[in-house]
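> here's a sequence, model it:
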Amino acid sequence: MAITSLFRAASPPENAPTCFGIRLDSDIIWLPGDSSSTGYCHVTGKVVLCLNQSLCVKDIKLHFEGRRYMNWQSFSEPQGAHHHMPSLERLFMYQTWSFLPYPGTPSPTTLPAGNHEFPFTFCLSNSTPDTIEGLGDCHARYQLKAMISTVGGRRIHANTRVRVRRMYRSLLLPEPKIMQEIWPQKIIYRVSLPSQAYIFGSVVPIKFEFIPSCKRLEVATIHTKVEETHRALQQPVSNHRTRIIVKDDYYPRGWDEDEYRITSDNEGCWYSTTRFLHLPSDPKECLQSISTNFLRVEHTLTIQVKLLNPDGHHSAVLLDMPISIQCALPPLLEDPFVCSVIQSLRLMDETFDQPLPSYNNHVMDRTPDEIAFGVPGDDTEVLLEPPSYCQLDSSSKPPSYESAVISAFSNPALFNEGYA
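Residues are numbered from 1 along each chain as shown. I've put the predicted structure just below:
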């Protein structure tokens, strides 16, 4: 009898919802990464509630939270050994909506049996920090929380994680990077990358080209590595820390071996070889390149080419190239928001690539006498007064962050830390 009573006590109430959750149109929010304007994007979804019986509720609310946590000193401590300290977690973004009771209706409200949906829409600024995850001692997370308060005092919760990512122009339109220098009486070298932006798990191909200008000069070693630097911009953590996420050590065996490919151009005969760095795909081993008001993550490709001189001593060429590591773009490019971001990036390129006006489209400046008396054949109207400027209607302006929060039955309360 005691065991039966125990199971009955643990069973849910008969009028508990059969389904209560939050459904987003996309659980990843893509923001344009190259836009310097203070734009925004809409996040849409709905709270779904399924009832077998009627339920008397006091209110139904939805909360959106952004929290960050930083508590690190260096990378020497294993991530699994980190002890989380909740007191160091900071709430930097907060919004809340109230779906029930409806405006002008009494509380509590009885919901009949059936399926109920509560749509919502809110805005995120383009300056919203990226989601940071993978490290135990540092993160930035976003979460939607729905809550039902019943008349009987019960509270029913539903949570879902929201990720904020950025879509960069450099991932859509790669731009190669080439560095070429001459070391007089020693060597001519060229290092090239097909792009300066890469995604997690991708390969960074590095092409090396050499023209030795000194007899019996050889390349002894080529060391390449990608370093990740974390810079904390707010106290009370240390200023920065650095770790190596991938490296490659190459020991060529001479100019005539199979590892060099020989090509010729106007500059001379090049000895070329390509090395490949495989970037990690696990966020525990590598974070994305980001810049926020509390954390900046930078990646640098460091190259050391050690030369063996004819007299036996060594010389070295040191190169540093900043690169960007980002999350993979969404596979479904037909998504309306993704298409709008791509279109805006293309318009930006078209604006910068506009050709300069031709010489025939210009006229020479006129002298003061020509302006006063006019010149033959000049039928340009003389404006007696400057034109008036019309004031745009307020409805034509982009909404502010506060006024852009929209919900069918919402009364939002906003909290934002200055993260712009």
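> where do the helices of the stretch 101-250 of the chain begin and end?
Along the stretch 101-250 of the chain, counting by DSSP state H, counting those that start in this stretch, helices occupy 169-172.
> now the strands for it?
Assigned by DSSP state E, counting those that start in this stretch, the stretch 101-250 of the chain shows strands spanning 109-111, 114-125, 132-135, 138-150, 155-167, 177-183, 187-193, 197-199, 203-212, 218-232, 240-250.
> show me what the second one pairs with in its sheet, parallel or antiparallel.
Pointing back at strand 114-125 there. As defined by DSSP bridges, the strand partners of strand 114-125 come to strand 40-51 (antiparallel), strand 406-407 (antiparallel).
> try the last one
With DSSP bridges as the criterion, the sheet partners recorded for strand 240-250 are strand 218-232 (antiparallel).
> what is the rounded mean pLDDT of the partner strand?
Mean per-residue pLDDT for strand 218-232: 95.
> now do that strand and strand 187-193, the angle between them.
40 degrees (axes from the mean of the first three to the mean of the last three CA atoms, to 10 degrees).
> ok now strand 218-232, how far from the chain's centre?
24 Å (CA atoms, centre = their mean, to the nearest Å).
> and what of stretch 161-169?
The chain centre lies 5 Å from the centre of stretch 161-169; the measure is CA atoms, centre = their mean.
> who's in contact with that stretch?
Residues outside stretch 161-169 that contact it (CB atoms under 8 Å, 6 or more residues apart in numbering): 24, 27-34, 43, 64, 124, 128-131, 141-144, 197, 324, 326-327, 329, 338, 341-342, 345, 348-349. Yep, even glycine has a C-beta here, placed from its N, CA and C like the rest.
> helices and strands around whichever strand or helix holds Pro322, which ones?
Here Pro322, judged by DSSP states H and E, is contained in strand 314-326. Under the contact definition 3 or more CB pairs under 8 Å, 6 or more residues apart in numbering; DSSP states H and E, strand 314-326 sits against strand 177-183, strand 187-193, strand 197-199, strand 295-308.
> what lines up beside the first one in the sheet?
Looking back up the chat, that one is strand 177-183. Looking at strand 177-183 with DSSP bridges, its partner strands are strand 187-193 (antiparallel).
> could I get the helices and strands packed on strand 314-326 in TSV, plus columns for mean pLDDT?
As requested, the helices and strands packed on strand 314-326 are exported to TSV (pLDDT from 0 to 100):
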stretch	mean pLDDT
strand 177-183	93
strand 187-193	95
strand 197-199	93
strand 295-308	95
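> out of those strands, which is closest to His223?
Across those, His223 has its closest neighbour in strand 295-308 (4.4 Å, CB to CB).
> the closest one to strand 203-212, inter-axis angle?
Interaxial angle of strand 295-308 relative to strand 203-212 (the same axes, to 10 degrees): 30 degrees.
> please compute how far strand 295-308 lies from its chain's middle.
Offset of strand 295-308 from its chain centre (CA atoms, centre = their mean): 22 Å.
> where in the stretch 151-300 of the chain is pLDDT low?
Per-residue confidence for the stretch 151-300 of the chain (pLDDT under 70) gives these ranges: 235-238.
> return the residues in contact with the residue nearest to His230 when sequence neighbours are not counted.
In this structure, His230 finds its nearest non-sequential neighbour in Arg241, 5.2 Å apart by CB to CB, 6 or more residues apart in numbering. Under the criterion of CB under 8 Å, 6+ apart, the neighbours of Arg241 are 72-75, 229-230.
> could I get those residues as a markdown table with neighbour count and distance to Ser289?
As requested, those are arranged in a markdown table below (neighbours: other CB atoms under 10 Å; distance: CB to CB, whole Å):
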| residue | neighbour count | distance to Ser289 |
| --- | --- | --- |
| Trp72 | 18 | 18 |
| Gln73 | 10 | 22 |
| Ser74 | 11 | 20 |
| Phe75 | 15 | 17 |
| Thr229 | 13 | 10 |
| His230 | 23 | 11 |
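> farthest pair within the residues you listed?
In the contacts of Arg241, the most distant members under the criterion CB to CB are Gln73 and Thr229, with 14.7 Å between them.
> distance check, Arg67 against His278.
Distance, Arg67 to His278, by CB to CB, to the nearest Å: 33 Å.
> of these two, which one has the most company?
Each of Arg67 and His278 has its neighbours counted (other CB atoms under 10 Å); Arg67 has more, 15 against 11.
> tell me which element that one is part of?
Going by DSSP H and E, Arg67 is part of strand 55-70.
> now the strands for the stretch 251-400 of the chain?
261-265, 268-278, 290-291, 295-308, 314-326.
> TSV for those strands, including distance to Gly201?
Listed next are the strands of the stretch 251-400 of the chain as TSV, based on distance: least, CB to CB, whole Å:
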stretch	distance to Gly201
strand 261-265	27
strand 268-278	8
strand 290-291	18
strand 295-308	14
strand 314-326	10
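> out of these, deepest packed?
strand 295-308 (a mean of 18; mean count of other CB atoms under 10 Å).
> mind giving me the packing neighbours of that one?
Judged by 3+ CB pairs under 8 Å, 6+ apart, strand 295-308 is in contact with strand 187-193, strand 203-212, strand 218-232, strand 290-291, strand 314-326.
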